[in-house]
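**Q** Kindly return the folded structure for what I paste below:
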Amino acid sequence: MVLFLLVLVVAVVLGVVGAVVDGMLLLLAIAVLLLIADVVYFAVRSAVNR
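**A** Next up, the predicted model:
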């Protein structure tokens, strides 16, 4: 759970920086991909624990 929250915080920070700073659209894209990967990881881990 700690890993999930840590990656979620990193994704949010990268998303904010990517959206605010001009020319950092790549950071926003990385944040979105990281968020998707984190949610998939959490879903798979939750399904395995059942």
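**Q** May I see the buried residues of the longest helix anywhere in the chain?
**A** Criterion DSSP state H: the longest helix present in the chain is helix 25-49. Buried residues in helix 25-49, counted by 16 or more other Cβ atoms under 10 Å: Leu27, Leu28, Ile30, Ala31, Leu34, Leu35, Asp38, Phe42. Just so you know, the C-beta spots here come from the backbone N, C-alpha and C atoms, and that holds for glycine as well.
**Q** Can you tell me which residue sits nearest the middle of this structure?
**A** Geometric centre of the chain, nearest residue: Leu35, 2.5 Å, by Cα atoms, centre = their mean.
**Q** which stretch of helix or strand covers the closest residue to that residue other than its chain neighbours?
**A** Among residues not flanking Leu35 along the chain, Ala11 sits closest, at 4.2 Å (Cβ to Cβ, 6 or more residues apart in numbering). Taking DSSP states H and E as the definition, one finds Ala11 inside helix 2-20.
**Q** between that helix and helix 25-49, what angle do the directions make?
**A** Helix 2-20 and helix 25-49 are oriented at 160 degrees to each other (axes from the mean of the first three to the mean of the last three Cα atoms, to 10 degrees).
**Q** Pull the contacting residues for Leu27.
**A** Leu14, Gly15, Val17, Gly18, Val21 (Cβ atoms under 8 Å, 6 or more residues apart in numbering).
**Q** nope, Ala19 is what I was after
**A** So Ala19 contacts Leu28 (Cβ under 8 Å, 6+ apart).
**Q** Looking at it now. What's its pLDDT?
**A** pLDDT for Ala19: 88.
**Q** Distance of it relative to Ala37?
**A** Between Ala19 and Ala37 the distance, using Cβ to Cβ, to the nearest Å, works out to 19 Å.
**Q** Equivalent analysis for Ala11, please.
**A** 9 Å.
**Q** Repeat that for Gly23.
**A** Gly23 sits 24 Å away from Ala37 when distances are taken as Cβ to Cβ.
**Q** Among the contacts of Leu27, the buried ones, what's the ChimeraX command?
**A** Buried subset of these, written as a ChimeraX selection, criterion 16+ other Cβ under 10 Å:
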select :14,15,18
